[in-house]
Structures are given as structure tokens and as C-alpha cells.
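J.: Just a sequence and a predicted model for now, questions to come.
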Amino acid sequence: MQSKKTRTYTEAVKRGDYDLYTGNIFGKHDNVRTYWEDQLTRSVLRPFLSKLVTHRQNQGKKLRILDLGCGTGQGYELVTKIEKRDLDLGLQHDRVLPEDEIECYLGLDLCQEMVDKGNEIFEYKPNVKLRRADLREHLDAVKEEKPFDIYFSSYASLSHLNKPHLVQLLKDICSHSSNGSLIILDFLGRYSIEWPDYWNVKTEAEKIRDYSMSYLYSELNQDVEVEHFPVRFWTGEEVENLVEELIMETKAQVEILKKYDRSILTGRHTDTQQYNPKLKPIRRTVNRLHEDYMRTDLSELIIDASIVPEQPKVVSFLVELISSWNILVSFCQKKLEKNALLTELEDWSEYSSHLQFALMHIDRVIADTGWMWYGEPRANIIEPQLGYALRSLEINMQKGIGCGHSLVAILKVTK
């Protein structure tokens, strides 16, 4: 009998939610996913992946990647579309990991429908294979395989495991991996504004809470019954403790190279308000910023900082980020309405360098597009650039403490 989780994913595959496509206002592959989340993941992975690729090339080897909880293999798109440089205006993309530098990309997932769909998508890529496997059975599915260079997870796939299963899986990875292998952990963050009722849980049982995929449905489909299933929510401090536990129980040395929060104010459930009815549908509004020929009411982007509960580990950070976000949006509004000037901002000297840079970016974009008559410059140039400027605040101000919809950690195994 299928579990609720497996049945939900099976139905999502049948609807086409896991087909590969780019951009939308609603659904699995919305604009925030495409232009914020995936790009943030790529930018954070870039220096570590680049170093590993160079090292393996010097050894005359290609990379071997194991995708843990692969879905239909969307992680392949993440790791193979990382640009070597942000400001690359050439005709051809210069990727950190070209597809011909991958010896093997093997994906494991519990849902057979996901596996079948992924193998259909990658039918013409002989080095990409997906296989049904239960990660609660650790690495039994690949114990006969050679070590992998990257043990990769994405889109909070590892939150489906409780802590004992995860610890055993990571111990198996430490044993199976080679010297210098990377482990990419991707969890749901407990301190997201989406679910403040989850913030102060203490026992291990309480850390496994309800999760819904109701965000897959637009407003036109709200009559659909959506299944719920339990997942484990994580904080940055818990990831650090997890690594310490691994070091104690294995002979391998495990180092945290980076941990970061993703979608801090734009998580999937800001729109559904399913776990926090005080939220505005911020993700949907940000999605509009990146939609062609669609103007956005920027006042809908203003966030009330008073909705952040008192929690000593996160409240000051979230309030600072929300304040910076609101200042940037308000300036953009005023600039569009009456040519506001940066010199009119009285508190400029008190702003962080990240906010100052974002404000200068928007000031320049609006000034440089004011002469354009064609192509809807507000909808097609200014608003997407506001989106990227807001994204830059999230990227540069995040602290990896679990305040985003997702919490990602990059680990290195040294033997």
C-alpha cells in the first residue's frame, strides 16, 4: 500500500508538476524557484564544485555524483548549469561542470513514478540513471558502486528522514566516500516565518511535524484534497551538532564548508498561509516581478515586521532583513513615481553595505531605462531587476541558521 507521501508525489508526476520547464507564477517550477532558489544554490555550490572538478581533472578523472532523493532528476540541471562567472556575456556558456565531465549521475528515489519519469527525461543521456531505493535502508542500493565525488540532495529531500535514519545514512556515506568527497545536505528550515509554531519545539518527536504540498495548486484548484505527511525540520545549530556526532562515530573527518538559508521571506507556504495566516502571499508577488508584460503593485511586497514572533535566536536577523527589504521596495516605488534621489535617504549612513548596493542598483536601472519607449520597461526590465536586488539581500544577509524555507549545508569528507 502506498504511503500518503508516495501517493502525493505519484499524483504530482501524473499532473506534470515534475516535468522540466522554466518559470511560472504558480506551481513547482515557479519564477522564485527558477530565478531565486536554483540560482542561489548554484552560486553557493560554484566555488566548491569548481575546486573539486579541477582536482579530479588533474587526476585524469570525471565526476561521479549520487543524488539522494532525486525526484525526477532535477538536481542534474542544478549542477550542470553553474556558470564559472556571473558577468559572462559570451555567446557560449562556460560551465563549472560540463556534462561530458560527468562519469556517472545516479539518482535514488523511493517513488517509482518519479524514477520512471526521470529516466524518460534523461533517456538520451547514458551517464544519467535513476533507480528506486529507500534511503531508510541507508546506502544498500549502491554498496557495490565505486565511491562518488558528490553525495547530493536538493529541495529538502533529506527532511523526509528522521534523525536516526539520517545519521546512519551519513555514516554509510562517510564509509563509502573517497577523500575529498562533498556531501550536500538539503533540509526544511525550522525557523522559517512560514511556520512559527514549529520554532520552539524541543524533543526529537516534536521536530517531526506536518508538511503539505498544497502550494502545487493555484487558487482555481483549491477544492482538491491534499495529502499531508511528516517531515523533520532543522536548524543550523542542529546541523553543526550532527556533524560533530558524525566525527565522533566515524573515522572520517567531516568539515562544514558552508551552510545557508534559501527563500527566507519567499517560502512556498507564504502563499498558502497554511501554517501562518498572518503572512501575505509574498512569493506570488515576487513571481509577478519576473513575469513578462505584467506590472506589479509594489505595495504588496511590503512586509509587516511585527508578524515575527519573539525568538531570541532569529528575531533580530529577520527584522533587519525585513526592514532592508521594505526600504528597497519603498525607494523603488518613489523612484518610479517622482524620481526620488538616493541623497534624500536620511539614514543612508546607517544602512548595511548590502542594502546600499541594492539601492544603487535600482536607482541606476530606473535612471537608465527612463528613455525607453518600447518593450514595457517597467514590467520587463525594472521589476525583474527589483526582484534580483531583493534576492541579493537574501543571499548576502542570510546566516545559515534555519530561517529559510530550506537550509542547505555543504560538507567535505577527509580521510
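T.: The structure has been received and is ready for your questions.
J.: C-alpha only now, for contacts and for neighbours.
T.: Will do.
J.: that's a helix at residue 393, yeah?
T.: Yes - per DSSP: H, G, I helix; E, B strand; the rest coil, residue 393 lies within a helix segment.
J.: burial count for the residue nearest to it when sequence neighbours are not counted?
T.: Among residues not flanking residue 393 along the chain, residue 354 sits closest, at 6.3 Å (CA to CA, 6 or more residues apart in numbering). If you count neighbours by other CA atoms under 10 Å, residue 354 ends up with 16.
J.: what secondary structure does residue 354 sit in?
T.: Applying three-state DSSP: residue 354 is helix.
J.: these two touch, right, it and residue 398?
T.: No - counting by CA atoms under 8 Å, residue 354 does not reach residue 398; the two are 11.2 Å apart.
J.: what comes up buried for stretch 373-391?
T.: By neighbour count on 16 or more other CA atoms under 10 Å, the buried set for stretch 373-391 is 377-391.
J.: Show me what the strand or helix carrying residue 54 is packed up against.
T.: Residue 54 belongs to helix 38-58 when assigned by DSSP states H and E. Packed against helix 38-58 by the contact rule (3 or more CA pairs under 8 Å, 6 or more residues apart in numbering; DSSP states H and E) you find helix 74-80.
J.: tell me what the next helix or strand after the helix it packs on is packed against?
T.: Proceeding N to C from helix 74-80, the next assigned helix or strand is strand 102-109, under DSSP H and E. Judged by 3+ CA pairs under 8 Å, 6+ apart, strand 102-109 is in contact with strand 63-68, strand 128-132.
J.: Using JSON lines, please lay out these together with mean neighbour count.
T.: JSON lines is the format used below for the helices and strands packed on strand 102-109 (neighbours: other CA atoms under 10 Å):
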{"stretch": "strand 63-68", "mean neighbour count": "22"}
{"stretch": "strand 128-132", "mean neighbour count": "21"}
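J.: For residue 287, find the nearest of those.
T.: When the helices and strands packed on strand 102-109 are compared by CA to CA, strand 63-68 sits nearest residue 287, at 28.0 Å.
J.: packing partners for the closest one?
T.: strand 102-109, strand 150-152.
J.: chain center to the longest one, what's the gap?
T.: Just to be clear, that refers to strand 102-109. A distance of 20 Å separates the centroid of the chain from that of strand 102-109, by CA atoms, centre = their mean, to the nearest Å.
J.: Tell me the buried residues in the helix or strand that that strand is followed by?
T.: Remark: after strand 102-109, the chain's next helix or strand is helix 112-121, criterion DSSP H and E. By 16+ other CA under 10 Å, the buried positions in helix 112-121 come out as 112, 113, 114, 115, 116, 117, 118, 119, 121.
J.: Equivalent analysis for stretch 233-240, please.
T.: Going by 16+ other CA under 10 Å, stretch 233-240 has these buried residues: 233, 234, 235, 236, 239.
J.: Quick check: of the residues you listed, which lies closest to residue 368?
T.: residue 236 (40.8 Å).
J.: Tell me, what's the model's pLDDT at that closest one?
T.: The score at residue 236 is 97. That number is its pLDDT.
J.: The residue nearest to it when sequence neighbours are not counted and residue 315: what is the separation?
T.: For residue 236, ignoring the flanking residues on the chain, the nearest one in space by CA to CA, 6+ apart is residue 401 at 4.1 Å. Distance of residue 401 to residue 315, given as CA to CA, to the nearest Å: 12 Å.
J.: what about the strands in the stretch 251-400 of the chain?
T.: 253-262 (DSSP state E, counting those that start in this stretch).
J.: Break this protein into its domains for me.
T.: Structural domains assigned to the chain are 4-264+401-414, 274-397, following automatic domain parsing.
J.: average pLDDT across the shortest one?
T.: Along domain 274-397, the predicted local confidence has a mean pLDDT of 94.
J.: what's the distance between that domain and the middle of its chain?
T.: 20 Å.
J.: gap between the two ends of that domain?
T.: End to end - CA to CA - domain 274-397 spans 27 Å.
J.: Also stretch 66-76?
T.: 10 Å.
J.: contacts for it?
T.: 18-20, 105-111, 114-119, 121, 130, 135, 148, 150-154, 157-158 (CA atoms under 8 Å, 6 or more residues apart in numbering).
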